[in-house]
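J.: missing the sequence, but the structure's below:
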Ligand code: ADP
Ligand code: MG
Ligand code: ZN
């Protein structure tokens, strides 16, 4: 089933650049004016031709006849024709008759005209108007119209031709201040540090008189979804100051130079509205280190934009009351120049919330929900270590959706449990696609994990075991929840973790004498853990307290990390051997453990196969009985 996403929480701020609908010159004028102009010119031309047509067209011989009989009053000799008036009057209009005739090469003509006393003159025929219309105005009109049309079409994609170099985003100051610090929970340190910025924005003059050092650039750094954008908005709300919000990626344009122009414009507008906040979200999009290899074009553009940003930040003095806030998930890739004094010299870390923070965040996001009395947000928070604010908002939302779908009038603990599972593992598959044999095997596999977790001293308590397939790749899962937040792990605890990860595979081997592909992710994680023990934590007896390999940001894919190999081939072999040994020893250990406790394993697997989901207490009950 697809994930329905609807907003329960009305206060969820929209995070995007505030752009008014863009209108190019042509859209504003409408193409009408151009047509009007063209049509007028055409009429003019036709009118002129019509005037000429009104003259009587006569053969040259007749013209000569008129000339000989002295009936021509005057004439104009043009390149290809002769036009003139006769002495005869037109019957209808009473005016002299006008004629036109083709001009032949006739050297005697001038003499004849002079003899007969005809006033004559020569004129170079003017093609000016028709030339103008046909070779210039019409093609241009067509090009312009096409241009305007394309511009309109592409305007939405940020490629409006008519607006190159102009500030597309028409960066508007936002002034509705309905987000305050009350909407942000669990970021007390960040809030405290931002307090000064707020003081300053509220009253720049007084702040200055008291000798406070003016904050100029503040960088919020932290994992995605921790509420950086929210905090920035809250600062503006608290200070009651306008908020210019633009995302780093908005600066990056197809056309070189536009980004830089936009930065200039942004600061110019902000200065007019001071005191105010400029918020540059996703600063890393423009602020990545300069001077790398050119990746797929667009590189120069980014550098120019970044340079302009540096120039602007140096150029303004914070006494005019502009504070630049920015946010990034990846402070490590930022150009060092951005972090120098006078730029983003104040950095505030917005970290993942701890248990208390999670409770507070859940409170905010369940404020508008009707909750059953049995719901304890503390327990929900306990079950969600590592969740950031955005995840928790999602949990609250999903729980409400589930409750609504089940027709309940209050959100229950069960809904929260299901919502957490959903957020962790993606939506439940509607029907189980496991065959009975597979189900049997998966029961043993998951029981293996759960039993080892219960038996080893450093195993975190099992919260839930399930063999209901979820999302892609996960046929079942065992969920462990730490009793308390942990920031350190000892060597033995890590070995126990590896044992728990191997529990599934070993159980399959012990029971069925054969293994399956279902343990791939477990093995990946246990190998990784063992490798980290050797390479990062210095926990190998043989290799000692050294670290191996240096992580570095890849130059090509900014989200990937490469590893610089700073050790010899010989050491590499030793590392591999050590990793293998850790895993193999753990494997042996688990095998013995499970063989010794085979009856418990059987009991647990049978119960799981029957019920599909077991809670932590149920697992404990089975283990203790066995
Ligand atoms: P970031 O910018 O750090 O990626 P956001 O500010 O965009 O994160 O957060 C996304 C959403 O998650 C917010 O709109 C809010 O609903 C929720 N959220 C994140 N952190 C918090 C928090 N500390 N308190 C309350 N809600 C939060
Ligand atoms: Mg954000
Ligand atoms: Zn497993």
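T.: Right, received. Where do you want to start? A quick note: this is a predicted structure, and the numbers were derived from the prediction, not measured. Ligands and ions are numbered 1, 2, ... in the order given.

J.: so who does residue 413 touch?
T.: With contacts defined as Cβ atoms under 8 Å, 6 or more residues apart in numbering, the neighbours of residue 413 are 372, 374-376, 379. The C-beta positions use only the backbone N, C-alpha and C, and glycine is treated the same way.

J.: one more time with 6 Å, if that's ok
T.: Remark: with contacts taken as Cβ atoms under 6 Å, 6 or more residues apart in numbering, residue 413 is in contact with 374-375.

J.: tell me the pLDDT at it?
T.: With respect to pLDDT, residue 413 scores 92.

J.: okay, now the domains of this structure?
T.: Following automatic domain parsing, the chain resolves into domains at 53-125, 173-290+300-349, 355-425, 436-625.

J.: distance to residue 140 for the ones you listed - can I get that in TSV?
T.: Formatted as TSV, the domains of the chain follow (distance: least, Cβ to Cβ, whole Å):
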stretch	distance to residue 140
domain 53-125	24
domain 173-290+300-349	23
domain 355-425	52
domain 436-625	45
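
J.: mind putting those domains in a markdown table, distance to ligand 3 included?
T.: Output for the domains of the chain, formatted as a markdown table (distance: least, Cβ to the ion, whole Å):
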| stretch | distance to ligand 3 |
| --- | --- |
| domain 53-125 | 93 |
| domain 173-290+300-349 | 26 |
| domain 355-425 | 13 |
| domain 436-625 | 3 |
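
J.: tell me which of these lies nearest to residue 42.
T.: domain 53-125 (16.0 Å; Cβ to Cβ).

J.: buried residues in the top helix by length along the chain, which are they?
T.: Within the chain, and with DSSP state H defining each element, the longest helix by residue count is helix 569-596. Judged by neighbour count (16 or more other Cβ atoms under 10 Å), helix 569-596 contains these buried residues: 574-575, 578-579, 582-583, 586-587, 589-590, 593-594.

J.: what do you get for stretch 136-143?
T.: Residues of stretch 136-143 classed as buried under the neighbour-count rule (16+ other Cβ under 10 Å) are 137, 141.

J.: where along the stretch 351-500 of the chain do the helices fall?
T.: With DSSP state H, counting those that start in this stretch as the definition, the stretch 351-500 of the chain shows helices at residue ranges 355-365, 377-382, 389-405, 413-425, 436-455, 491-512.

J.: can you pull up the most central residue in this protein?
T.: Residue closest to the mean C-alpha point of the chain, counted by Cα atoms, centre = their mean, is residue 249 at 7.0 Å.

J.: ignoring the adjacent residues along the chain, who's closest to that one?
T.: residue 285 (4.4 Å; Cβ to Cβ, 6 or more residues apart in numbering).

J.: quick check: the one you found touching residue 248?
T.: Yes - distance between residue 285 and residue 248: 3.2 Å, which falls inside the contact criterion (Cβ atoms under 6 Å).

J.: get me the contact residues on the stretch 201-350 of the chain for ligand 1.
T.: Among all residues of the stretch 201-350 of the chain, those adjacent to ligand 1 (criterion: Cβ under 6 Å from any ligand atom) are 224-230, 327.

J.: change it to 5 Å
T.: Within the stretch 201-350 of the chain, the positions near ligand 1 by Cβ under 5 Å from any ligand atom are 224-230.

J.: which strand or helix spans residue 530?
T.: helix 520-535 (DSSP states H and E).

J.: how far off centre is that helix?
T.: Taking Cα atoms, centre = their mean, to the nearest Å, the mean C-alpha location of helix 520-535 is offset from the chain mean by 33 Å.

J.: list the contacts of it.
T.: Applying Cβ under 6 Å, 6+ apart, the set of residues contacting helix 520-535 from outside is 494, 498, 501-502, 504, 539-540, 548-549, 575, 578-579, 582-583.

J.: any buried residues in it, and which?
T.: 522, 526-527, 529-531, 533-535.

J.: A strand includes residue 223, no?
T.: No - when DSSP: H, G, I helix; E, B strand; the rest coil is applied, residue 223 is found to be coil, with no strand at that position.

J.: residues in contact with it?
T.: In this structure, residue 223 makes contact with residue 352, judged by Cβ under 6 Å, 6+ apart.

J.: start at 44 instead
T.: Right, with 44 as the first residue, what we last looked at is residue 266.

J.: what's it sitting at in phi/psi?
T.: For residue 266, the backbone dihedrals are phi -60, psi 160 (criterion: degrees, to the nearest 10).

J.: try residue 558
T.: Backbone phi and psi, for residue 558 under degrees, to the nearest 10, turn out to be phi -110, psi 170.

J.: burial of whatever residue of the stretch 294-443 of the chain ends up closest to ligand 1, as a residue count?
T.: Nearest residue of the stretch 294-443 of the chain to ligand 1 (Cβ to the nearest ligand atom) works out as residue 432 at 2.0 Å. A total of 26 residues lie near residue 432 under the criterion other Cβ atoms under 10 Å.
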